[in-house]
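Student: Return atomic coordinates for the entry below.
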Amino acid sequence: MDTAKVEDEMSLDLHTAEMSQRFGYQAISPAAVLAPVHETLPTGVRAVDELLDGGLLAGGTHCISGEPTSGARSLLYRAVASAQGQGIPVLYLDMAHLLDRPKAAAAGIEHERLLLPSGISLEQALLLIRSLSRRGLPGLVVFDHPAPMSLARVSASLRDAALTLLALSAATLPGMQVRLECQRQEWRMKRGRAAGFISEVRLTAHPFLPYRQVRACFDSPRGEACSARW
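Tutor: Numbering: from 1, shown residues only. Below is the predicted model of the structure:
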């Protein structure tokens, strides 16, 4: 028997026992266990969730950009409905009165459960966000407003909060951790009339996923996945 080897193993066991006694039994863990776990909030659109490796980044800042009939608003509404389905409170800042209630309801949004303040200023909106932040609970803040400067102030107020920000804009907004760009690919026709369209979503920024030219297609307004590819 290798006496030196046995002594080394006994010494290691003693050090391990001492550290566990001082700092707790979880003080010594495999490196894989210590790796950060990034929680996600599914958007409700399977192809987009596959693109994002699970969904929106919990506690992160996101921008969905796209022109009208690009699928951007449809994706936003599906994400809000998905959050509500998980019991996550949603604060919808519709300061430009752009919320389309019939389309939102068709996407699954329950308006009676939506925190939808009307006629408020940006300062009042920031106070609402701070009030939610103090609770320390997860939540989704939707910013449906075209002003980037206002968004910058909203984003800054969420820096130390457990709230997820989802902004909608015609063009890509700077400073967002996750950026998705939507573009209409083709119309879906029924009896000679447009009944929806196929939208392509491209991931252009993400803090934890490597850069890649990723695209996902979904059928709007049904939200059914058509494909996911890169």
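Student: Could you identify the helix or strand that succeeds the helix or strand of the chain with the lowest mean pLDDT?
Tutor: The weakest-scoring helix or strand in the chain, judged by mean pLDDT, DSSP states H and E, is helix 31-34 (a mean of 41). Remark: after helix 31-34, the chain's next helix or strand is strand 40-41, criterion DSSP states H and E.
Student: counting contacts, what elements does the helix or strand just after that following strand pack onto?
Tutor: Under the assignment DSSP H and E, the closest C-terminal helix or strand after strand 40-41 is helix 46-51. Packing partners of helix 46-51 (3 or more C-beta pairs under 8 Å, 6 or more residues apart in numbering; DSSP states H and E): strand 193-205, strand 214-220, strand 224-229. Every C-beta, even on glycine, is put in place using the N, C-alpha and C of the backbone.
Student: Note down every partner strand of whatever helix or strand comes next after helix 46-51 and its orientation.
Tutor: Next along the chain after helix 46-51, taking DSSP H and E as the criterion, comes strand 56-57. Strand 56-57 sits in its sheet next to strand 40-41 (antiparallel), going by DSSP bridges.
Student: hey, what's the residue nearest the centre of the chain bridged with?
Tutor: Among the residues of the chain, the one closest to the centroid is Leu56, at 2.2 Å (C-alpha atoms, centre = their mean). When bridges are called by DSSP bridges, Leu56 pairs up with Leu41.
Student: Please list all residues in contact with it.
Tutor: 40-43, 62, 79, 164, 166, 178 (C-beta atoms under 8 Å, 6 or more residues apart in numbering).
Student: quick one: it and Ser121, what's the gap?
Tutor: Distance, Leu56 to Ser121, using C-beta to C-beta, to the nearest Å: 27 Å.
Student: Over to Ser155?
Tutor: Counting by C-beta to C-beta, the gap from Ser155 to Ser121 is 17 Å.
Student: what do you get for Gly55?
Tutor: Distance from Gly55 to Ser121, by C-beta to C-beta: 32 Å.
Student: Check Pro138 too.
Tutor: 26 Å.
Student: Who has more neighbours out of the two?
Tutor: Neighbour count, other C-beta atoms under 10 Å: between Pro138 and Ser121, Pro138 has more, with 19 against 9.
Student: so who does the more buried one touch?
Tutor: Pro138 sits in contact with 58-59, 88, 162-164, where contact means C-beta under 8 Å, 6+ apart.
Student: What subset of those residues is buried?
Tutor: 58-59, 88, 163-164 (16 or more other C-beta atoms under 10 Å).
Student: biggest separation within the residues you listed, which pair?
Tutor: By the measure C-beta to C-beta, Gly59 and Ile88 form the most distant pair in these, at 11.9 Å.
Student: Just give me how far stretch 183-197 sits from the chain centre.
Tutor: From the chain centre to the centre of stretch 183-197 is a distance of 28 Å (C-alpha atoms, centre = their mean, to the nearest Å).
Student: For it, buried residues please.
Tutor: 183-184, 196-197.
Student: in this protein, what spans have low per-residue confidence?
Tutor: Scanning the chain with the threshold set as pLDDT under 70 gives 1-38, 146-149, 194-195, 211-230.
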